[in-house]
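> structure for the following, please:
(chains A and B)
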Amino acid sequence: MSAPGAATGSLERPTLPWGGLRLGVVRIEVRRLLRNRRTLIFTMVVPTLFFLIFGLNSTYANVRVGVGNTSSEVLISMALYGAILATTTGGAMVSIERAAGWSRQLRITPLTPVAYVVTKMLTALVLGAASVAIVYVVGGITGKPAMPMWVWVVTALAVWVGSLLFAAFGLFLGYLLPSENVMQVIGFVLMLLCFGGGLFIPLSQFSHPLRTMAAYTPLYGLNELVHDPLSQQPFAWTWVANLVVWMAVFVVGAAWRFRRDTARV
Amino acid sequence: MRGVRKRFGAVEAVAGVDLRVRAGEVVAYLGPNGAGKTTTIDMILGLARPTTGSVRVFGMDPHDAVRRGLVSAVLQNGGLLKDLTVRETLDYVSLLFPRCRPVPEVMERAGIAGIATRRVGRCSGGEQQRLRFAMALLPDPDLLILDEPTQGMDVEGRRDFWAAIRHDASAGRTVMFATHYLEEADAYADRIVLLRKGEVVADGTAAQVKAMAAGRTVRATVPGADPAALRSLLRTEVEVRGETVIVHTADADAVARTLLNETAAHDLEITARGLEEAFVALTSASAAPEPEPDTEPAGARA
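Numbering: from 1, shown residues only, chains lettered A, B, ... in the order given. Coordinates of the predicted model:
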């Protein structure tokens, strides 16, 4: 019985760099997300539909905004909406995976918890990129949004990179909420945050006290920042402050829950 | 030294287990629910840390052994993503290991090559369990741990599963499995470790443990029974209640002969216990018999 057979190799086995972070895994994760019809509809179809409904309305679509028009302003808002839905969903997948016991299964592989979280972030970013791309491509096809080429490119990139904030938010929620209900919660919370950030209705149309409150919600700073190349408003440090503070809240929150989760061992 | 060496004395679930598994052994970890089987396995895998004592796997920290792919496990229930296919699940896990057996080969071994494109959520319990087994085979581990691998399977599923394990076992890998099916331990293990309330109550070959568990009970009335004297006379554990002497033994004839010849015993009776009944007695009763002192604790080993 003790004869070393094919299975007993050397105890010195190689280990993977980067704690086992693999792009192939990201590919499988993305495929898995895209297979989910709900995810597909909420992150790709709904934002595009919203643009088609609100971005093409001829009563205001051609009204001038900064270096472009209102249609392009709506385009950026809807791309941001889709991107944060995508990244939040991507991050919150940890909730489902914990419930399914998959996280526990992964703990008996060489994958480190940090590499796992980074995998989730990258997956969320790929999904976010797809969402932004679809909204922008459809927007371009309609021919309504008018803005200089560089604004198309810069705003698309800004929306995409900025959506990383919500990957952290999704991770935080995913570690906080234990069940599959997390997706419903996300849909509702994000909708509220989008109103607060002025994605659906310009904040200038809010009453004064509401507008003041809205400036403290997590999407306010990001929304103003990604629209700035188009609107060309005077830059305000309060946008950055809003973004940085909420980023810190989400990252610290996610890290806190993550540590609790892995310390339970 | 190759093999698992663990020594810890945790409160509650596992109350001081000393165990050393040698390379190439197939060890059954047998006990009723709540005996501490899963807790022990979690500690070997680094999923839980012992309160006191230490667990070493191939002489290293469990985490290091896992990271090197030396140890893998089929865990109880869960641990699968329903929306991946069988093939994708294995591809996913295979990417995480630096050295890996080819996915098609592993599917063949586990008997799931035919369902590679099926969603995990659509697989039967037995198929999911064989998928877990395939996942555990990917790193080609030196130590394979199975936690209640056939729980909830029907008879056919169990047979297929063990056939797949046996098909693979010729490689000389060390296997440790937890179970509460006595027959499974009997049929597939070289060595059985019997656990009760977090303590090892028996450790030996299947035959040795079975002899212990399937022994008979000798009961007699001995006027002025002296527990210590009887214990040294019979060279086994003796239960004395007033003048009633109760001995659980594998060799009832010898005990009866000694009692009748060398003591004033009368009203002697011998009762046999069924295998299951004996196992239950050994693992659940608060006053279960101790292992006989002359039972070799070591397992079957070449």
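> just checking stretch A:80-95 against chain B, any contact.
No - against chain B, stretch A:80-95 shows no contacts by C-beta under 8 Å from any C-beta of the partner chain, the least distance being 9.6 Å. For glycine as for every other residue, the C-beta is placed from the backbone atoms N, C-alpha and C.
> off-centre distance for that stretch?
Centroid separation for stretch A:80-95 versus its chain: 4 Å, with C-alpha atoms, centre = their mean, to the nearest Å.
> got the buried residues for that stretch?
Of all the residues in stretch A:80-95, those buried under the rule 16 or more other C-beta atoms under 10 Å in any protein chain shown are A:80-95.
> how about stretch A:209-221?
By neighbour count on 16+ other C-beta under 10 Å, the buried set for stretch A:209-221 is A:Ala214, A:Ala215, A:Thr217, A:Pro218, A:Leu219, A:Tyr220, A:Gly221.
> distance between it and the chain's centre?
19 Å.
> who's in contact with A:Thr88?
Contact analysis of A:Thr88 by C-beta atoms under 8 Å, 6 or more residues apart in numbering or on different chains lists A:Ala124, A:Phe166, A:Ala167, A:Phe169, A:Gly170, A:Leu173, A:Ile186, A:Leu190.
> out of these, which sit inside helices?
Cross-referencing those against helices under DSSP state H gives A:Ala124, A:Phe166, A:Ala167, A:Phe169, A:Gly170, A:Leu173, A:Ile186, A:Leu190.
> want to throw those into a markdown table with distance to B:Gly198?
Formatted as a markdown table, the ones in helices among the contacts of A:Thr88 follow (distance: C-beta to C-beta, whole Å):
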| residue | distance to B:Gly198 |
| --- | --- |
| A:Ala124 | 43 |
| A:Phe166 | 46 |
| A:Ala167 | 43 |
| A:Phe169 | 43 |
| A:Gly170 | 40 |
| A:Leu173 | 38 |
| A:Ile186 | 42 |
| A:Leu190 | 48 |
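> tabulate these (JSON lines), appending neighbour count.
Below are these laid out as JSON lines (neighbours: other C-beta atoms under 10 Å in any protein chain shown):
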{"residue": "A:Ala124", "neighbour count": "31"}
{"residue": "A:Phe166", "neighbour count": "32"}
{"residue": "A:Ala167", "neighbour count": "29"}
{"residue": "A:Phe169", "neighbour count": "28"}
{"residue": "A:Gly170", "neighbour count": "30"}
{"residue": "A:Leu173", "neighbour count": "24"}
{"residue": "A:Ile186", "neighbour count": "24"}
{"residue": "A:Leu190", "neighbour count": "23"}
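> in the chain, which spans are helices?
Just going to use chain A. Assigned by DSSP H, chain A shows helices spanning A:23-35, A:37-40, A:46-54, A:70-99, A:102-106, A:113-142, A:149-162, A:164-176, A:182-197, A:208-214, A:218-231, A:237-263.
> I was thinking of chain B, sorry if that wasn't clear
Using DSSP H, the helices assigned to chain B run over residues B:37-44, B:62-67, B:86-96, B:103-110, B:125-137, B:155-169, B:182-188, B:206-213, B:227-234, B:252-262, B:275-284.
> which ones are touching the residue in the stretch 51-200 of chain A that chain B sits nearest to?
Closest approach between the stretch 51-200 of chain A and chain B, counting by C-beta to the nearest C-beta: A:Gly101, at 2.8 Å. With contact taken as C-beta under 8 Å, 6+ apart, A:Gly101 is in contact with B:Leu75, B:Asn77, B:Gly78, B:Gly79, B:Leu80.
> now the nearest residue to the third one once chain neighbours are set aside: how far from B:Asp147?
Excluding its sequence neighbours, the residue lying closest to B:Gly78 (C-beta to C-beta, 6 or more residues apart in numbering or on different chains) is A:Gly101, at 2.8 Å. From A:Gly101 across to B:Asp147, the span is 12 Å (C-beta to C-beta, to the nearest Å).
> over to A:Ala156?
49 Å.
> also A:Phe195?
Applying C-beta to C-beta to A:Phe195 and B:Asp147 gives a distance of 49 Å.
> again, but for A:Ala241
A:Ala241 sits 51 Å away from B:Asp147, going by C-beta to C-beta.
> more neighbours: those two, which one.
Between A:Ala241 and B:Asp147, counted using other C-beta atoms under 10 Å in any protein chain shown, B:Asp147 has the larger neighbour count: 22 against 11.
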